[in-house]
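*Asks:* Fold the following.
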Amino acid sequence: MKIELIENGEKLVIALSGEIDCALSDEFFSKAMAMYEADKKDVVFDCQNLSFIDSTTLGTFVKILKRLKSEGHSMSLVGVQPMIKKVFTICSLDTIMDIS
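*Replies:* Modelled structure (predicted):
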């Protein structure tokens with residue numbers, strides 16, 4: 001897993017790569033929130049190099065979304081691989097998150 005802030009303009013763009021599973025989901029949450037706390041604005045996760053997530057990671061994305069929304073910000077996922085997008089769709093998370 002790699003989490004990298006790649007753009008800090010109008011929005012925070014955070015690139016995710018590799019695999020994020022239950023063993024790494026807490027670290028993912030902590031790193032993403034640290035980036036957000038440093039400069040609170042809308043967050044875009046660039047997922048084009050993200051190869052795997054599990055159900056715990058889905059929950060982590062929901063947790064991040066709730067936090068951002070509670071503070072008036074939005075979250076979107078871009079470049080999501082088809083198999084990962086399918087997981088979001090099966091769980092109906094595509095109805096509460098902007099996923100492309």
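
*Asks:* can you give me the offset of the longest helix seen in the chain from its chain's centre?
*Replies:* Secondary structure of the chain per DSSP state H: the longest helix is helix 55-70. Put simply, helix 55-70 sits 8 Å off its chain's centre (C-alpha atoms, centre = their mean, to the nearest Å).

*Asks:* Report the next helix or strand after that helix in sequence order.
*Replies:* Heading C-terminal from helix 55-70, the first helix or strand you meet, by DSSP states H and E, is strand 75-78.

*Asks:* what about that next one, average pLDDT?
*Replies:* Here strand 75-78 scores 97 as its mean pLDDT.

*Asks:* Just the buried positions in it, please.
*Replies:* M75, S76, L77 (16 or more other C-beta atoms under 10 Å). (C-beta placed from N, C-alpha, C; glycine too.)

*Asks:* what do you get for stretch 60-77?
*Replies:* Those would be T60, F61, I64, L65, R67, L68, H73, M75, S76, L77, for stretch 60-77 by 16+ other C-beta under 10 Å.

*Asks:* Now tabulate these in JSON lines and tack on distance to F28.
*Replies:* Shown next, in JSON lines, are these (distance: C-beta to C-beta, whole Å):
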{"residue": "T60", "distance to F28": "6"}
{"residue": "F61", "distance to F28": "9"}
{"residue": "I64", "distance to F28": "9"}
{"residue": "L65", "distance to F28": "14"}
{"residue": "R67", "distance to F28": "13"}
{"residue": "L68", "distance to F28": "15"}
{"residue": "H73", "distance to F28": "18"}
{"residue": "M75", "distance to F28": "13"}
{"residue": "S76", "distance to F28": "17"}
{"residue": "L77", "distance to F28": "13"}
